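Mind looking at a prediction? Sequence and model below.
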Amino acid sequence: MAAPRRGPQAQSSSHYNTLPDLPSISALFLIDFDVKAGYTIIWKQSIPGLELEGVVEYKSLPSGLHTVSEDLIYFVHEDGYAGLSAFVNAPTDEEESRHARMIAVGVLVPLSYGRLGRAWRHADALKDLAAKLAVDRKQTWALDEYWDLCRTRDPNHLPEPIRDSPMASPALGKRALPKGHVRDRSASEGGALMQPGHRLSPFHPAWSLNNLLDTFGPLIFPIQRAALLRKRILISTHTPVNEACNFVYNISVLANIPFSVFDLLDPSAPAQRLRPLFTIGVHDIPFLMADSAQRPGPTPEQPSNPLGSASSGWVACTTDSILAMKDDLWDVLITMPQTQPTNTKEKVWPTVESPKGIPVKATQRDLRRFRTLKAGLRRVAAAAATSTARQPRLSTSSVKTTSFLHNGEDSHTLADAADKIVEPVTWAALAYSGFIWWASAGEQRRSDEAEEAAHDNGLLADLIPGPSPGNPTPQQRRPSGSFNVTGMSGGLGESTTSLTARRATTTADGSASAGGAGAGAGASVDGAEAEEDRARVELGIITYFHRFTATVLGTLAEIVAATDEEEEEEEYNDDYTDLDTSRTQSEVDEDRVAATPTAEVRVDSDALAAMGLDVWSHADAAFVKEIVAMYFDRQARVEGKGVEVCGLRVC
């Protein structure tokens, strides 16, 4: 029996040795479903001290998997590991297993490699192993081989942790810090997503970014705003969960704080990123309750958690509906609809709500922004397709592509969204629009629309082909007072540093590998360049949202700094009038320290427009108040737009 095994074993070894830049694994396990005992671990290997029993069986196999034939499940282990399991549900003739064999092959990867430990690089191999073991569970030699190839060689010397702060965004240069704003910063979480020689792996969650936009439509903007406020976001979904796990990852990435504005924030601001917990279930309720008890942040008596501080919020998905009923465990609930047939004409949108069933909708500004974003991404995709067409040697069999709806389908979808998931136009907005149209013969309205479109297009300025003659560039038309996110030169790579971490890895023979190096590296240059073009839409989406975040925080930082300067000037004048009093200088200084900063931050409608927010929306006004309190430790007074007659505000 030994001779027949040697053939496939040699073939498998050759295949796995060609996988690029595989992160080392701390555990490998095989889970089998027994009709009497449930899911049980029948084979495992791990580094010393890493507990698997009673943990990975539940985390890697969410409820409802028996209804699908295969799935990829991401999860996190509370000891600081990211997990990935490949599930297979195969028919069998065995009556004792009810004619179905359900197994899962999974790995644990140190989170020091990033928010998911780059576990997706193991996805293809795990799917292959699961398919083989579903046919014959005795082929565990393949697991032994994979463990020997990828295991962590020295558990006491794991890779240096990739910390939270990203590098500077390409659109954002270093700025002078407002007085009093000092904040320690850490290194980048990793290199740029697609620098020369880098490739976006076939199973990378970022490939789902365009589908994320198509699934949520304009709702993606209030979801991102909730993520920026570090809310606890729960996605209630159905199996398969692979796409929901990708959405969790991508929402976390879109809510990153760009490094260029990170130093402008108050030291008490929350963590740079939102924690992605990926798949969770009823067995995670104790963890979620303990995490909820620690909010808004850990005290000196509370030890730090390897998964991050409770003040950083989280985003996760679940197939256990009981979690959706426990509204004390989450702040925002996203309920995904059942999978729709491809020929369905009417789109069923996800629902987003706060506790007590309060619905969350996109604003009218979000709807217009989404329309502009999709049009811009369509042009990015067209430019990428033209570039890719010049790469005849590339085999597209292993490269994912981004698809778009036709313009007509997009228009129909957005019209449907306006009726179902977008706030209605307010009476004040209608009155103002009608008055301005009458007073300026429509000129002011067209000017406002052009400025708004220029603002939105500016967030994709260096990714879209140059404007046609006569059209203003984003630098030529920019809302007054806005934080210029496109004024600095640079590529789009640095705004996507959260996605990958290029790090040399060690292969089975002990040699270092950076992925793609070797005899075939030169021949793959054209293919890598074409893959960069194919991923350009995904990079554009991340760049867009990071620039939006930088615009909001940068504009607010300038307002806070201006408020502080005004307050300091007033205090100086007060001190000048008190020079002849009997108070000592130390007493004056103590009073100044105790009183500064106290001024309320005023955010007017011009500032709201400069940030790309809706000047008529109460939800956006509440968002600004929360974000000023959270990131700048100040109180804000938001003044939306209104209609004034003879100096009196009538609505």
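Thanks, I have it.

burial measure for residue 269, as a count.
Per other C-beta atoms under 10 Å, the neighbour tally for residue 269 reads 19. Where you see a C-beta, it was placed from the backbone N, CA and C, and this is true even at glycine.

ok now do it, which residues does it touch?
183, 630, 631, 632, 633 (C-beta atoms under 8 Å, 6 or more residues apart in numbering).

Then residue 536?
Each residue near residue 536 by C-beta under 8 Å, 6+ apart is listed here: 380, 381, 383, 384, 463.

can you list these in a markdown table and add pLDDT and neighbour count?
As requested, those are exported to a markdown table (pLDDT from 0 to 100; neighbours: other C-beta atoms under 10 Å):
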| residue | pLDDT | neighbour count |
| --- | --- | --- |
| 380 | 88 | 23 |
| 381 | 87 | 20 |
| 383 | 80 | 16 |
| 384 | 72 | 22 |
| 463 | 78 | 21 |
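
Pull the most distant pair out of those residues.
Farthest apart among the contacts of residue 536 by C-beta to C-beta are 381 and 463. That separation is 10.4 Å.

Out of the contacts of residue 536, list just those in strands.
Using DSSP state E, no member of the contacts of residue 536 sits in strands.

Please parse this protein into its domains.
Here the domain parsing of the chain from automatic domain parsing is 19-150, 554-649.

ok so, going back, from the contacts of residue 269, which would you call buried?
The neighbour count (16 or more other C-beta atoms under 10 Å) marks 630, 631, 632 as buried among those.

any idea how far the last one is from residue 122?
So that's residue 632. 41 Å (C-beta to C-beta, to the nearest Å).

Read off the pLDDT value for residue 382.
Residue 382 carries a pLDDT value of 86.

Mean confidence (pLDDT) on the helix or strand where residue 252 lies, please.
Assigned by DSSP states H and E, residue 252 belongs to helix 242-254. In this model, helix 242-254 carries a mean pLDDT of 97.

Save the buried ones among the contacts of residue 269 as TSV, and put in secondary structure and distance to residue 262 too.
Output for those, formatted as TSV (DSSP: H, G, I helix; E, B strand; the rest coil; distance: C-beta to C-beta, whole Å):
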residue	secondary structure	distance to residue 262
630	helix	14
631	helix	10
632	helix	13
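
Let's have those residues in a markdown table, adding pLDDT and distance to residue 340.
Below are the buried ones among the contacts of residue 269 laid out as a markdown table (pLDDT from 0 to 100; distance: C-beta to C-beta, whole Å):
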| residue | pLDDT | distance to residue 340 |
| --- | --- | --- |
| 630 | 95 | 37 |
| 631 | 96 | 38 |
| 632 | 95 | 43 |
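
Of these, which is the nearest to residue 265?
Of all the buried ones among the contacts of residue 269, residue 265 sits closest to residue 631, with 4.8 Å by C-beta to C-beta.

hang on, isn't that closest one packed against residue 265?
Yes. Look at residue 631 against residue 265 with C-beta atoms under 8 Å: they come within range, at 4.8 Å.

Please identify every residue contacting each of those two.
Residues touching both residue 631 and residue 265 by C-beta under 8 Å, 6+ apart: residue 553.

still on that earlier bit, report all helices and strands that the helix holding residue 252 contacts.
strand 70-77, helix 209-216, helix 220-228, strand 232-236, strand 275-279, strand 314-318, helix 536-577 (3 or more C-beta pairs under 8 Å, 6 or more residues apart in numbering; DSSP states H and E).

still on that earlier bit, pick the one among the buried ones among the contacts of residue 269 closest to residue 201.
Relative to residue 201, the closest of the buried ones among the contacts of residue 269 is residue 631; by C-beta to C-beta it sits at 33.2 Å.

And the closest one, how far from residue 236?
For residue 631, the distance to residue 236 equals 29 Å [C-beta to C-beta].

Same question for residue 340.
Noted for residue 340: a distance of 17 Å to residue 236, by C-beta to C-beta.

What of residue 319?
8 Å.

I'd guess residue 84 is in a strand, am I close?
Yes. Counting by DSSP: H, G, I helix; E, B strand; the rest coil, residue 84 falls inside a strand.

Quick one, grab the pLDDT at it.
For residue 84, pLDDT reads 97.

what's the answer for the one 3 residues further on, then?
What the model reports for residue 87 is a pLDDT of 96.

And for it, the neighbour number?
Count around residue 87 with other C-beta under 10 Å applied: 30.

so where is the stretch 551-651 of the chain shaky, pLDDT-wise?
Along the stretch 551-651 of the chain, segments meeting pLDDT under 70 span 569-598, 641-651.

let's see it at 90
Along the stretch 551-651 of the chain, segments meeting pLDDT under 90 span 564-600, 639-651.

Same question for the stretch 151-300 of the chain.
Filtered on pLDDT under 90, the stretch 151-300 of the chain yields the residue ranges 152-202, 260, 262-263, 268-273, 291-300.

again, only using 80
For the stretch 151-300 of the chain, residues meeting the criterion pLDDT under 80 lie at 153-200, 295-300.

now swap in the stretch 401-550 of the chain and tell me
Using pLDDT under 80, the flagged stretches of the stretch 401-550 of the chain are 401-418, 426-451, 462-534.

50 instead?
468-481, 486-498, 500-525, 528 (pLDDT under 50).

what about residue 425, how many residues close to it?
Neighbour tally, residue 425, other C-beta under 10 Å: 12.

what about the residue lying closest to it once chain neighbours are set aside, how many residues close to it?
Leaving aside its chain neighbours, residue 425 sits nearest to residue 364 (5.9 Å; criterion: C-beta to C-beta, 6 or more residues apart in numbering). Residues lying near residue 364 (other C-beta under 10 Å) number 18.

wait, what's in contact with residue 364?
Applying C-beta under 8 Å, 6+ apart, we find residue 364 in contact with 422, 423, 425, 429, 614, 616, 617.

Apply 10 Å and report the result again.
218, 418, 422, 423, 424, 425, 426, 429, 614, 616, 617 (C-beta atoms under 10 Å, 6 or more residues apart in numbering).

Next up, the contacts around the fourth one.
Each residue near residue 423 by C-beta under 10 Å, 6+ apart is listed here: 218, 222, 359-367, 614, 616-620.

filter those to the buried ones?
Applying 16+ other C-beta under 10 Å to the contacts of residue 423, the neighbour count classes 218, 222, 360-367, 614, 616-617, 619-620 as buried.

Inside helices: which ones of those residues?
Counted as lying in helices by DSSP state H, out of the buried ones among the contacts of residue 423, are 222, 364, 365, 366, 367, 619, 620.

Need the pLDDT of the fifth one.
The reference is to residue 367. With respect to pLDDT, residue 367 has a value of 94.

where's it relative to residue 614, distance?
Noted for residue 367: a distance of 10 Å to residue 614, by C-beta to C-beta.

Now list whatever residues contact both of those two.
Counting by C-beta under 10 Å, 6+ apart, the common neighbours of residue 367 and residue 614 are 221, 423.

residues near the spatially closest residue to residue 318 that is not a sequence neighbour, how many?
In this structure, residue 318 finds its nearest non-sequential neighbour in residue 280, 5.2 Å apart by C-beta to C-beta, 6+ apart. Residues lying near residue 280 (other C-beta under 10 Å) number 26.

shouldn't residue 280 be in contact with residue 233?
No. Counting by C-beta atoms under 10 Å, residue 280 stays clear of residue 233, with 11.7 Å between them.

sorry, back to before: can you put the contacts of residue 536 in CSV and add distance to residue 270?
What follows is the contacts of residue 536, written out as CSV (distance: C-beta to C-beta, whole Å):
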residue, distance to residue 270
380, 31
381, 34
383, 37
384, 35
463, 29
